[in-house]
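Visitor: from the sequence below, what's the structure:
(chains A, B, C and D)
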There are 4 protein chains.
Amino acid sequence: MPRLWEKGVRVDPIVHAFCTGEDPQLDGRLVEAEVYGSIAHAAGLARIGVLTKAEYGRLHGALVSLLGRWRSGSFAVRPADEDVHTAVENHLTERLGPVGKKIHAGRSRNDQVQVDLRLFGREALLRIEELLLRAAGSLATVAARFEDCPVPGYTHTRRGMPSSIGLWAGAYAEGFLDDRRLLLAALDLVDQCPLGSAAGYGVPLPLDREYVARLLGFPKVQANTLAVQNSRGKLESAALQACAMILLDAGRLAGDLILFSTEEFGFVRLPEELCTGSSIMPNKKNPDALELIRGSGAEVAAQAAATWQMTAKLPAGYQRDLQLTKGPFLRGLERTASCLLVLDLCLRRLEVDRDRCLAACSSEIFAADRALDWVRTGVPFRTAYRRVADELRHAPESGARPATRAEALANLRSKRHTGGPGNLGLARLGRELRAAERDRVRRARRADLRALLQARTPPRG
Amino acid sequence: MPRLWEKGVRVDPIVHAFCTGEDPQLDGRLVEAEVYGSIAHAAGLARIGVLTKAEYGRLHGALVSLLGRWRSGSFAVRPADEDVHTAVENHLTERLGPVGKKIHAGRSRNDQVQVDLRLFGREALLRIEELLLRAAGSLATVAARFEDCPVPGYTHTRRGMPSSIGLWAGAYAEGFLDDRRLLLAALDLVDQCPLGSAAGYGVPLPLDREYVARLLGFPKVQANTLAVQNSRGKLESAALQACAMILLDAGRLAGDLILFSTEEFGFVRLPEELCTGSSIMPNKKNPDALELIRGSGAEVAAQAAATWQMTAKLPAGYQRDLQLTKGPFLRGLERTASCLLVLDLCLRRLEVDRDRCLAACSSEIFAADRALDWVRTGVPFRTAYRRVADELRHAPESGARPATRAEALANLRSKRHTGGPGNLGLARLGRELRAAERDRVRRARRADLRALLQARTPPRG
Amino acid sequence: MPRLWEKGVRVDPIVHAFCTGEDPQLDGRLVEAEVYGSIAHAAGLARIGVLTKAEYGRLHGALVSLLGRWRSGSFAVRPADEDVHTAVENHLTERLGPVGKKIHAGRSRNDQVQVDLRLFGREALLRIEELLLRAAGSLATVAARFEDCPVPGYTHTRRGMPSSIGLWAGAYAEGFLDDRRLLLAALDLVDQCPLGSAAGYGVPLPLDREYVARLLGFPKVQANTLAVQNSRGKLESAALQACAMILLDAGRLAGDLILFSTEEFGFVRLPEELCTGSSIMPNKKNPDALELIRGSGAEVAAQAAATWQMTAKLPAGYQRDLQLTKGPFLRGLERTASCLLVLDLCLRRLEVDRDRCLAACSSEIFAADRALDWVRTGVPFRTAYRRVADELRHAPESGARPATRAEALANLRSKRHTGGPGNLGLARLGRELRAAERDRVRRARRADLRALLQARTPPRG
Amino acid sequence: MPRLWEKGVRVDPIVHAFCTGEDPQLDGRLVEAEVYGSIAHAAGLARIGVLTKAEYGRLHGALVSLLGRWRSGSFAVRPADEDVHTAVENHLTERLGPVGKKIHAGRSRNDQVQVDLRLFGREALLRIEELLLRAAGSLATVAARFEDCPVPGYTHTRRGMPSSIGLWAGAYAEGFLDDRRLLLAALDLVDQCPLGSAAGYGVPLPLDREYVARLLGFPKVQANTLAVQNSRGKLESAALQACAMILLDAGRLAGDLILFSTEEFGFVRLPEELCTGSSIMPNKKNPDALELIRGSGAEVAAQAAATWQMTAKLPAGYQRDLQLTKGPFLRGLERTASCLLVLDLCLRRLEVDRDRCLAACSSEIFAADRALDWVRTGVPFRTAYRRVADELRHAPESGARPATRAEALANLRSKRHTGGPGNLGLARLGRELRAAERDRVRRARRADLRALLQARTPPRG
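Guide: Numbers count the residues shown, from 1 in each chain, chains lettered A, B, ... in the order given. Alright, predicted model coming up:
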């Protein structure tokens, strides 16, 4: 079968292979979206009379059957086909003859690939949101269980003030909720319907773009046809940047767990089934999964940067450079989801050593509190600070150290302003997590397109 | 005056200079925010009895007077002071004695710098939003004026299909509205009150964090005290990433203008007062401003990446690395604003050469439309495509070229689906722009803190 | 077969899949290097008596046979094996029993993967060098053919001064020679033998590391065992940065060709067999290959950044994050090579339109030369500059334009200082290219390890 | 005084300020280079008769005097002057009249700025090389002093095998020597003379470019005039990438020192005069300087990326975007130097706690060595590995732990292959460092241009 655009001259095979690139491998991920997008486009053509209902029916049948073949492994995107769009159109033409040749009226590969990426991206972002909320929930659980587990609070990787495992875990949960806001902003952009932009300049057909958008579960048509093409690469980068932000937090959390589980710190332990070993050192129990989470941030941040840079400085409209944004986008979303899945697993099975946490609460970490004791008696803070510094300098062992677990706990509880270790606000956090989950489920339902596979006649819309 | 933390040992001067870094130069931008934050903190201390009303009043007076000195050039952050926080506290102590030494109770430089950066950042992001909307408005004006100016639509930097200057300008306007959504998500994160986190572990004082947040115009307290510290660097990066996204679009727009104003394209002209010349070539009229806008995207994207990377892999809580995020944050926001200001200027004074635009609409760009003509007669699209391709191959000059401006316009008007060149949706765009502007004004009003300078007694809150 | 490090506890399958990641797909590229590295390591163990000559012989035979299987498609790295190192060791143990279990004495997967990556990297960098020199040679040919083809020299994408296609092509050739120096510096670092570092802390065996290095064609042992581990990620990043620099130039060259081949500029043409078309516009002939070269720079630069960031801030020695540097390294090297291959193809088949080049040499581009004419009569340059500027302003059509091709050529030839359009130095350039090629061939010969496959007894070394 | 290129139309002041940007602040760093470059250019003009010897003499005198004023603070680059090039030319014209107006013959600001940046860059890179070698020397000293100080060798931030502080320090010294090779490759590129490229297209004057290059201490003319302009941005990025590589190692070293000096590890201590404190916690002694070194890598890597991206996709020749590469280049080089200076200070004053190092050498880290003991008796490695793993599992306390310092030392000494902890190769390292330093001094001498300030008549060259 020919490429869609071939007009008699054979392209040099080296150039063809170079231009095809990774598409045949990558595009497997897009077969499902291509089928949904093609059904919706066919329904749109039927709505304006470019296809008859019968032609729509035959296209629908062939597309649903193609999806079945794909799922059973008997359909693939071959390198000779270049990409999923060509593979599907060629398949329809082979099977249906002239009817297959009608499907491309009023669309371009440029907007097809965008539909596919947005459907894939929307699903992936919703999955990432789900896993993010799940991990935040696990953190909230850790926070609740270890709200009363004193441990030093570090700044500059030095013991600073008293803290708790609860404060530490709660902080990451709140961080994830902030990340979610960035994620949803990116999802808003992705969740716009590009179909009908054609090559970026519209078509002389009275396409009903709102109808097609509804069929595909998009809350909004992306209007200006050139704006659709201009947003390629930008949407990908926005989504990946939100993912990179999630992995910024996830990576720091993983790093904390690696540090806290060293022989030297010993605050937490990972069960052995989540660790791996060394090929040469029989003694090793390594936190590989956490290290890979930590390292994945750089991967996804680089993918965000790559998609941004590939897009930057291009003239308006489609340029082939944009094809290169596909790999980073697909891989980056998958990587983010898998990191969150594994992180959540680690959080759920995390073991905390309360004794080592307490033992690390050495006397000097109570110094700032000691200065504030004096403040309450009217001493100016800076004076109190210098007084305590002098005490520590001359008698480092006799600081006002809470000697017992009970005293350490009392200290934590004395920080009862909003968000302090004595007032973590876990009830509020729980409410926010539940509300977020409800929102997510609602969005996921709207994005569920399976009904399209049943629509043997063009849906009312 | 000593550094706040000095306890007798002099720091090596090389190390001191290295640690101080650019702060004395950069922190001038933060004096105003430092004053507002300190007034609010003092009011908070008064509210819980750590300061008397009289002490608050003296601190308020000294802070307002310091701001006056700063504005008149008689206060500066000296290198010996390290940073604005020390400079202000030292100034208060010099001027007020023991009362000055009281201001630091219940706060840390770690959360002071965050307050300052958020107040600065909020104002800068609101200014960027204003300029973004203004540029989008100018684009909408261009779109309205040149909706009927045919010009080729390019893909792959090759003439593809008929387009219009209106479609081109409208596309960027819509792109800016998408960028605004990312900007507002970043603003949401920045617009949380960090005060009261102290070093990240709270303080044993009953701080009323909600009260202080209200005084500073924050709609929300950032609760968990360690979450506050963990968000340093992340917020900066989120804001800069949104800016980089704006500059992605602005840079492509600038690039289009550079290309379209070449001798070879000639679609647009920039007036001479917006151009510069060459030191050696008397003939040059160069679009330097547009080139700098194009290049600034890389600058701000790198600043976003830098702040992300500086933060990545750090343990929870404050680490000194984070100080390095200040320069990129301040500079990147300023750069983004100045690019938008200048871009808007160029858009307002842009001249379009309608004749050269039309002259470039060579016959072959109507080929896809010709194929769709056949589609409307029942020919399958792929068949029609090949037929037109053959015609072009054998008789390239005789394509169905609209020979006149009127014909070209009729072609444009035939693309009347949503967002097509015959249906730009400028009325809807105008409504969106006006609604966005109303929102912005409302947010800007809430963020206006000037009343604090009048508050000689602690505000009710 | 078990993983090398398993000690009774089964790893959670989600964690196992996450840690294995892309290795099974990527590691196919490393089978050859793994075989060479294992033969050399076995020879090293034989040299110090840890293996008998007979044991070496059996291992050598099994490794050579495994390579044959791999080449014929009957050996693969299975996901259950995790990576190529395990797959090969498991294969040896399956086939040879106890002798297979001996191969891992004195080595760790950490240095195995490094051997593999350096052998792969060395070959890839040498291939890139070859293609870079070839492309530079093609540019030199273009420069020689079109030394006498006047065309405007642009600054700010505006016509500035007279230039020639020869000057333009020669500039990129020289740029590539600069890039080669960066490439060779990276190759120098990659071309060090890591074997013998074990897990980074050496082994209590008298390994003869210099012997093993010689067998593998390395000119140098990378000495300190921890330095070997510390250089993981850094070498990868250094190689990719050199590649990104090549693609910076290649991408600008591709961009020039895209611009120069527009309908509007028309200086050059690409033959149709190097172009592709559009799925919707029958009229398009698109320079996709050039666009992908332009876009690939961002991909490889991001891979360089990713490997750098993954490595940054890690403690000394091996951390699992480093595994993530493998994909970017392998893919980035391959991408760079394929871009150069295709770029060279485009350069060889490039067509130049001498008439359009000349036609673009409008009068005003001779303005600087006109000012310098006056300088030769004693007028100060700045005075002459202003005089010419006035002329142009008042009589833009009457500038001293060389009206004919002969006059334009005479103008070019008047710039006869080193590197000017009248003195391109192509003879010197040719000598440099030939000397570089001789160097490359010499290095490639040293890196040819095929003799190891014949070495049934441990080589003398 | 007018801008050099003004021809009657006043540029919009907003555009002027935007285009001038940071140049007035940044260009102070370039005054010295501008003076040297201008003297050499004037000498070159005198050599070909465009200036008389007397005119050269007057220009030389005025330039030397201007440098004196600059050093004494009575000359500055004013915003109205735009940049150092204009400021100097305007100064010469003000002072010398028509002779001042002659200096610009045969040069453009485009190559002036390149001369300045290369002279500045060369000096900065040589300074960085000096500090790098100094830090490597300090590491070699630490290695020699603590070759016999056992400490665990970590992988995955877990104790793995026995190591020594000597092995650790020596690894970083060798890493720095690798980094130096990348630095010198970048220096090679920077150290080419651009003067004579004019706007990238040469001039119709018989400039003796080799003569000017010799005067400025460049070993090589960068020949093709357009290649000179094309290399702007690339050279900057290459230099910054080399710096980023240095900071990759320096940052990991700083991170190790931060980790090793925690209360929990306790292997090393930094003296108090190299640390700073907290504004709220009187107890803190923070390693701020090390943290800033760690964080600076991201800064310089981002600057390298920014300069690369600013340059990418630009058409051949000068574009104004490239101006934006100046700030990152100047700041990045300065940052790299200051990090190395402070790192070296920390290394020189580093205190090692031999007892805590030894105490951390817990029994299980000898497991791999124990397996290799069995290998020496003929047991296959994989069998021995499993045997030791079983022992550890069943009797974790009874591993073959060297119980004493003497036994631990004997273990280290048993790893006597090249680069092992028993054979650090410090003599070889010392020789390499001394040879490198001799090289550097030789290069620095060639780059010393002070003689030009005495050259009242054009030097013979």
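Visitor: now the helix or strand hosting A:Gly175, how far from the centre of its chain.
Guide: According to DSSP states H and E, A:Gly175 maps onto helix A:165-190. For helix A:165-190, the separation from the chain centroid amounts to 11 Å (computed by Cα atoms, centre = their mean, to the nearest Å).
Visitor: over to stretch A:410-420?
Guide: With Cα atoms, centre = their mean, you get 34 Å for stretch A:410-420.
Visitor: what's the first helix or strand after the helix holding A:Gly175?
Guide: Using DSSP H and E, the helix or strand that directly follows helix A:165-190 along the chain is helix A:209-215.
Visitor: before we move on, back to that, for the helix holding A:Gly175, what is the average pLDDT?
Guide: Averaging pLDDT along helix A:165-190 gives 98.
Visitor: next one: stretch A:445-453
Guide: 97.
Visitor: so where do the strands sit in the stretch 51-200 of chain A?
Guide: For the stretch 51-200 of chain A, the strands defined by DSSP state E, counting those that start in this stretch occupy A:150-155, A:158-164.
Visitor: point out where the stretch 251-400 of chain A drops to low pLDDT.
Guide: A:396-400 (pLDDT under 70).
Visitor: who wins for proximity to D:His41 among the strands of the stretch 51-200 of chain A?
Guide: Distance to D:His41, taken as Cβ to Cβ, is lowest for strand A:150-155 among the strands of the stretch 51-200 of chain A, at 54.0 Å. C-beta coordinates here come from the backbone N, C-alpha and C atoms, glycine included.
Visitor: packing partners of the closest one?
Guide: Counting by 3 or more Cβ pairs under 8 Å, 6 or more residues apart in numbering or on different chains; DSSP states H and E, the packing neighbours recorded for strand A:150-155 are strand A:158-164, helix A:165-190, helix A:354-359, helix A:405-413.
Visitor: distance check, A:Ala384 against B:Ile48.
Guide: 17 Å (Cβ to Cβ, to the nearest Å).
Visitor: so for the two, which sits in the more crowded spot?
Guide: Each of A:Ala384 and B:Ile48 has its neighbours counted (other Cβ atoms under 10 Å in any protein chain shown); A:Ala384 has more, 25 against 15.
Visitor: mind listing what's buried in whatever helix or strand that one lives in?
Guide: Taking DSSP H and E as the criterion, A:Ala384 maps to helix A:381-394. Buried residues in helix A:381-394, defined by neighbour count with 16 or more other Cβ atoms under 10 Å in any protein chain shown: A:381-382, A:384-386, A:388-389, A:391-392.
Visitor: could I get those as JSON lines with distance to C:Ala242?
Guide: Shown next, in JSON lines, are those (distance: Cβ to Cβ, whole Å):
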{"residue": "A:Phe381", "distance to C:Ala242": "55"}
{"residue": "A:Arg382", "distance to C:Ala242": "54"}
{"residue": "A:Ala384", "distance to C:Ala242": "57"}
{"residue": "A:Tyr385", "distance to C:Ala242": "52"}
{"residue": "A:Arg386", "distance to C:Ala242": "55"}
{"residue": "A:Val388", "distance to C:Ala242": "55"}
{"residue": "A:Ala389", "distance to C:Ala242": "52"}
{"residue": "A:Glu391", "distance to C:Ala242": "57"}
{"residue": "A:Leu392", "distance to C:Ala242": "52"}
